[in-house]
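A.B. asks: Dropping the sequence and predicted coords here.
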Amino acid sequence: ANDGYDLWLQYNYIQNTDLQSEYNTLINGIQPIGDSETIKVAEKELLLGLSKMLGNDTQLYLGNESGNNLLYFGSESNLDKKILSQLKKECAQIQKDGFVIKQIQVDNKNHIVITGKTDIGVLYGVFRLLRELQTHKSIKGINIVDSPKVDVRMLNHWDNLDRTVERGYAGFSLWDWHRLPDYIDSRYVDYARANASIGINGTALTNVNANALILTPQYLEKVKALAAVFRPYGLKVYLTARFSAPIEIGGLKTADPLDPEVKQWWREKTAEIYKSIPDFGGYLVKANSEGQPGPQNYGRNHVDGANMLADAVAPFGGIVMWRAFVYSEHDPTDRAKQAYSEFVPYDGQFRDNVLIQVKNGAIDFQPREPFHPMFGAMPKTPLMMEFQITQEYLGFSTHLVYLPKLYEEVFEADTYRRGKGSTVAKVIDGSLHNKKITGVAGVTNIGNDRNWTGHHFLQANWYGFGRLAWNPHLDSKDIAEEWIRMTFSNNDNFVEQIKKMMNDSRETVVNYMNPYGLHHIFDTGHHYGPGPWVGNLPRPEWNPTYYHKADENGIGFNRTKTGSNAIAQYAPEVAAMYNNISTTPEKDLLWFHHVSWNHKLKNGMTLWDGMALKYQQGVDEVETMINTWNSMESLVDQQRFKEVQMLLNIQLKEAKWWRDACLLYFQQFSKKELPEGVEKAS
Ligand code: GCU
């Protein structure tokens, strides 16, 4: 049985005899250099991985029998001069926590060396070498040089102190606050290993809808214990800061960011945190959004709030991630416009250690959104990407959707802020405007389910998020392939078919939920199933009817010049493209235009027919996924096979539910028959 607990760190025994002998020859022993905690965990991981994959006793790797074919691993500054002299060129190419893995010859002996500027870089290199073995790559003459392109690569846990997880669908929170700090669940270590293996270097432990209690000494002691477990793995701890904490736990009368006592309170609180957690990362803040307190409660603005916290963490090298997810009922015309209008005018006024954390789209983690217009629009302010890994609007942990495909689409989008080729990836990696600090955050899909993510395939979203945070220019297909090989099998047929299945899965969910740019037509509150008919909620911008605006004439949100003019927030080239229905990509059609039911699509069909067929296509594609999966049974362990199979069957039922509900509802307006090929609701 395989319950999926080991994630992509399965380290399956390598059956291929050629590779076995190659690996066994080239790695005859391991030689740690340095004695930091990080080097120790790197050694432990190597012993685990090598002994499992090569079927040997771990002792074998520690005995330095012939002194030939050793695997050296340690940071540059600790390497022997003779060894280092052979790595000069490669070492000059790495930055930050990057690494080099190279086969070299010293005194007529062959060795492989893993090195970096830091021990954390070395650990990343160790995981990379293990991955080469896991994915059955030859390591003869290995020479890999790699560095992260982004500084802060972090998970955001929306975990509450009572262990419920907001928008979490894989059980309860991993953090057992009740038994911390004295009881250290071994799972914390495995969590850190998994993150380090993909280069994730930060974790915000608590919900953005924050509870000030986390900042009390009773909880900080627990946070300190977690930080100690994560430290050797290069994983820094961050906390969400409730803006009104000075009132709630500090006994002050106000939380006004310009009040001297409030500033003092945050300075002292922050110093207290750093005293027990010297490498504390900093604060993540949701302010003046969805009822959360913030500087605007005191007539101040985002700059006042963010800078006040930034000043508190600055002496310790900390950062503040201030979220741009703000909207309110005050702008009734278009919620999509608010973040841009509240933040862009302040470009250049934030402290150097403030990152503005922006969701990938302007509404809220929909199956598809055009990129957020803030990207590229604040040349003087570091903008951090916020993706959702948990599937709030994508079928929870029940539907198989490979999200790196979505992340890639966002990263590849062109902002045109410095002419053609000004992609979101370049905004985020800092190269477009020379940013001093860069970051990517993902709202995790992790809980205490045995398999971590509730669905075996959704582990790939955690994995792929980490890989893209490391390098936003990677190809999502390659990432899927790595993950499949490590997690399931190196069988070529399996890899090809499952890769295709994963790769197509994102478009499939768009097809059966939100084709042609439809968005936010989910049922209220839980956001699981369809609810396009909902129109009676107290706040207009919570109603699906506000977003699809279906009527006899057509469907869609007019965000062009004749509508909300949200397009004006993009660079002129992009605005012009979206303003014109004929140049708007059809995947975003109803996001930007109110379109007649008879509008001719590029394929010659009417919008109504095309839409109906997209819903049907989504259903058909889930059927294809099921067939693919069923044909792979002999190549997968029974437990994971069955669990995935059951979930795919639910997904099929629910794809039909989406199709039927949406088409029946919209048909009242279109007053048209379903085209041939679309199954009627039963
Ligand atoms: C969504 C989500 C909330 C979450 C919010 C946020 O609106 O439904 O649960 O708190 O995003 O990102 O702050």
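C.D. replies: Great, that's in hand.
A.B. asks: So which helix or strand of this structure has the lowest pLDDT on average?
C.D. replies: When the helices and strands of the chain are compared on mean pLDDT, DSSP states H and E, helix 58-62 comes out lowest with a mean of 81.
A.B. asks: quick one: the closest residue to Leu607 other than its chain neighbours from the ligand, how far?
C.D. replies: Excluding the flanking residues, the one nearest Leu607 by CB to CB, 6 or more residues apart in numbering is His599, at 4.4 Å. To be clear about C-beta, it is placed using only N, CA and C from the backbone, and glycine gets the same treatment. Using CB to the nearest ligand atom, to the nearest Å, His599 is found at 31 Å from the ligand.
A.B. asks: same deal with Gln218?
C.D. replies: Distance, Gln218 to the ligand, by CB to the nearest ligand atom: 25 Å.
A.B. asks: measure that residue to Ala566 for me?
C.D. replies: Distance of Gln218 to Ala566, given as CB to CB, to the nearest Å: 46 Å.
A.B. asks: residues in the chain within reach of the ligand, list them.
C.D. replies: Proximity of the chain to the ligand (CB under 6 Å from any ligand atom) is limited to residues Glu166, Arg167, Val208, Asn209, Lys286, Glu290, Phe325, Asp364, Glu392.
A.B. asks: Just the buried ones from those?
C.D. replies: With burial judged by 16 or more other CB atoms under 10 Å, the buried subset of these is Arg167, Val208, Lys286, Phe325, Asp364, Glu392.
A.B. asks: Next, format the residues you listed as JSON lines and append pLDDT.
C.D. replies: JSON lines is the format used below for those (pLDDT from 0 to 100):
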{"residue": "Arg167", "pLDDT": "98"}
{"residue": "Val208", "pLDDT": "98"}
{"residue": "Lys286", "pLDDT": "98"}
{"residue": "Phe325", "pLDDT": "96"}
{"residue": "Asp364", "pLDDT": "96"}
{"residue": "Glu392", "pLDDT": "98"}
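A.B. asks: Any chance of a markdown table for these, columns secondary structure?
C.D. replies: Shown next, in a markdown table, are these (DSSP: H, G, I helix; E, B strand; the rest coil):
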| residue | secondary structure |
| --- | --- |
| Arg167 | coil |
| Val208 | coil |
| Lys286 | coil |
| Phe325 | coil |
| Asp364 | coil |
| Glu392 | coil |
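A.B. asks: of these, closest to Asn78?
C.D. replies: Taking CB to CB as the measure, Asn78 sits nearest to Val208 out of these, at 40.0 Å.
A.B. asks: surely the closest one meets Trp158?
C.D. replies: Yes. Here Val208 reaches Trp158: they are 6.4 Å apart, a contact under CB atoms under 8 Å.
A.B. asks: Show me the shaky parts of the stretch 251-400 of the chain.
C.D. replies: 329-332 (pLDDT under 70).
A.B. asks: Next up, identify which helix or strand the residue nearest in space to the middle of the chain is on.
C.D. replies: A centroid search over the chain (CA atoms, centre = their mean) returns Gly442, at 3.4 Å, as the residue closest to the centre. In the assignment (DSSP states H and E), Gly442 maps to strand 439-443.
A.B. asks: per-residue confidence averaged over that strand?
C.D. replies: Across strand 439-443, the average pLDDT comes to 98.
A.B. asks: Bridge partners for the residue nearest to the centre of the chain, pull those for me.
C.D. replies: Per DSSP bridges, the residues bridged to Gly442 are Leu155, Phe387.
A.B. asks: Break the protein down into its domains, please.
C.D. replies: Using automatic domain parsing, the domain ranges for the chain come out as 17-146, 152-160+240-452+470-487, 512-557+594-670.
A.B. asks: Please identify the deepest-packed of these.
C.D. replies: domain 152-160+240-452+470-487 (a mean of 21; mean count of other CB atoms under 10 Å).
A.B. asks: dump the residue contacts of Gln639.
C.D. replies: With contact set as CB atoms under 8 Å, 6 or more residues apart in numbering, Gln639 has these partners: Ala1, Asn2, Asp3, Gly4.
A.B. asks: The last one contacts Asn451, correct?
C.D. replies: Yes. Look at Gly4 against Asn451 with CB under 8 Å: they come within range, at 3.4 Å.
A.B. asks: where do the contact lists of those two overlap?
C.D. replies: Taking CB under 8 Å, 6+ apart as the contact rule, Gly4 and Asn451 both touch Gln459, Glu643.
A.B. asks: Now the element after the helix or strand harbouring Thr270, going C-ward?
C.D. replies: Element membership for Thr270 (DSSP H and E) is helix 260-276. Moving toward the C-terminus from helix 260-276, the next helix or strand (DSSP H and E) is strand 282-285.
A.B. asks: Strand partners (parallel or antiparallel) of that next one?
C.D. replies: Strand 282-285 has these strand partners (DSSP bridges): strand 236-240 (parallel), strand 319-323 (parallel).
A.B. asks: what's the angle between whichever helix or strand comes after that strand and helix 260-276?
C.D. replies: Scanning forward in sequence from strand 282-285 by DSSP H and E, the next helix or strand is helix 302-313. Angle, helix 302-313 to helix 260-276, by axes from the mean of the first three to the mean of the last three CA atoms, to 10 degrees: 40 degrees.
A.B. asks: then helix 302-313 to PDB, C-alphas only?
C.D. replies: This file holds the C-alpha atoms of helix 302-313, laid out as PDB (Å, rounded to 0.1, in the frame of the first residue of the first chain):
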ATOM      1  CA  HIS A 302      -1.700  51.700   3.100                       C
ATOM      2  CA  VAL A 303       1.700  53.400   3.100                       C
ATOM      3  CA  ASP A 304       1.300  54.600   6.700                       C
ATOM      4  CA  GLY A 305       0.300  51.100   7.800                       C
ATOM      5  CA  ALA A 306       3.000  49.200   5.800                       C
ATOM      6  CA  ASN A 307       5.800  51.600   6.600                       C
ATOM      7  CA  MET A 308       5.100  51.500  10.300                       C
ATOM      8  CA  LEU A 309       5.500  47.700  10.400                       C
ATOM      9  CA  ALA A 310       8.400  47.900   8.000                       C
ATOM     10  CA  ASP A 311      10.200  50.200  10.400                       C
ATOM     11  CA  ALA A 312       9.700  47.700  13.300                       C
ATOM     12  CA  VAL A 313      11.200  44.800  11.400                       C
END
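A.B. asks: Show me where the stretch 301-450 of the chain has its strands.
C.D. replies: Using DSSP state E, counting those that start in this stretch, the strands of the stretch 301-450 of the chain run over 319-323, 354-359, 383-388, 439-443.
A.B. asks: how far off strand 383-388 does the last one point, in degrees?
C.D. replies: Taking the same axes, to 10 degrees, strand 439-443 and strand 383-388 form an angle of 20 degrees between their directions.
A.B. asks: Which single residue in the stretch 401-550 of the chain comes nearest to the ligand?
C.D. replies: Taking CB to the nearest ligand atom as the measure, the stretch 401-550 of the chain has His527 as its residue closest to the ligand, at 6.5 Å.
A.B. asks: Make sure that residue is indeed in a helix.
C.D. replies: No. Secondary structure assignment (three-state DSSP) places His527 in coil, not in a helix.
A.B. asks: show me where pLDDT drops low in this protein?
C.D. replies: For the chain, residues meeting the criterion pLDDT under 70 lie at 64-66, 329-332.
A.B. asks: Let's see that with 80 instead.
C.D. replies: With pLDDT under 80 as the threshold, the chain has low-confidence stretches at 59, 63-66, 328-332, 682.
A.B. asks: Output the longest helix belonging to it.
C.D. replies: Counting residues, the longest helix found in the chain (DSSP state H) is helix 638-670.
A.B. asks: List the residues that contact Trp608.
C.D. replies: By CB under 8 Å, 6+ apart, the contact set of Trp608 is Trp597, Asn598, Phe666, Ser670, Lys672, Pro675.
A.B. asks: For the closest residue to Leu400 other than its chain neighbours, grab phi and psi.
C.D. replies: Nearest-residue entry for Leu400: Phe457, 4.8 Å, with adjacent residues in sequence omitted and distances by CB to CB, 6+ apart. In terms of degrees, to the nearest 10, the main-chain angles of Phe457 are phi -70, psi -20.
A.B. asks: Thank you, goodbye.
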